[in-house]
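What would the 3D arrangement of this be:
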Amino acid sequence: MSDLAFDHAPVGLAVLENRVIKRCNQQFALTFGDAPAAYMDVPIAELYPSREDYHRVGELLQQDEGAKSGLYHDERIMRRRSGELFWCRVRGRSISPDAPFRSGIWSFADISEDRPVVSLTPPEREVAILTCKGLSAKEIGLKLDLSYRTIETHRAHLLQKFNARKLPELVAKLTGMPL
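Model prediction:
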């Protein structure tokens, strides 16, 4: 019965070991393109927009306070097998919180209908994610080891790219909240 629930869950599920897909369900394969068997032993890095994004998210996961308890969640841009980029809500539970990448179960939900993909630089993407988590420009600067002014410059670019007048409007657009 547990295989039935896993295989037919309405959200993409994957079992990862050391950031390599060991098993995934039908919705995961549908979301990313291809069949579940095509993802066996595939590094999850192949589904990120770039190697830099893969490494950056990995570093963030290891620093995240929630991840230390075995839980992690964020929203990020991922890449389908076709190369198309899309927004994805990612949630994970590590079976080994002391080594979060060793083994875990992850869910992947396509949220691109609520949030269009806008071309962002990796620093803009990181500032956008941390802004949505409620961090101030100073807090983001400390976390990313960048100056407050650099963070404000990235936020100004985000405002322009998302056609937002103020920070709350930007956050609403980034999180898919109705305006």
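
So what's the predicted local confidence for the residue sitting nearest the centre point of the chain?
Most central in the chain under C-alpha atoms, centre = their mean is R76, positioned 2.9 Å from the mean C-alpha point. According to the prediction, R76 has pLDDT 87.

That one is in what secondary structure piece?
Following DSSP states H and E, the helix or strand that holds R76 is strand 71-79.

Any buried residues in that strand, and which?
Buried residues in strand 71-79, counting neighbours by 16 or more other C-beta atoms under 10 Å, are found at 71-72, 74-79. Where you see a C-beta, it was placed from the backbone N, CA and C, and this is true even at glycine.

Okay, buried residues for stretch 24-37 please.
Burial within stretch 24-37, assessed by neighbour count using 16+ other C-beta under 10 Å, is assigned to 24-25, 27-29, 31-32, 36.

and the buried residues of strand 71-79 as a markdown table, adding distance to P168?
Written out in a markdown table, the entries for these read as follows (distance: C-beta to C-beta, whole Å):
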| residue | distance to P168 |
| --- | --- |
| L71 | 28 |
| Y72 | 26 |
| D74 | 20 |
| E75 | 18 |
| R76 | 22 |
| I77 | 22 |
| M78 | 26 |
| R79 | 30 |
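
Strands of the protein, residue ranges please.
Counting by DSSP state E, the chain forms strands over residues 12-17, 20-24, 42-43, 71-79, 85-94, 104-110, given from the N-terminal end onward.

Considering these, which stretch scores lowest in mean pLDDT?
For those, the weakest mean pLDDT is recorded on strand 71-79, namely a mean of 88.

now for that one, which elements pack on it?
Using 3 or more C-beta pairs under 8 Å, 6 or more residues apart in numbering; DSSP states H and E as the contact definition, the elements that strand 71-79 packs against are helix 51-63, strand 85-94, helix 122-132.
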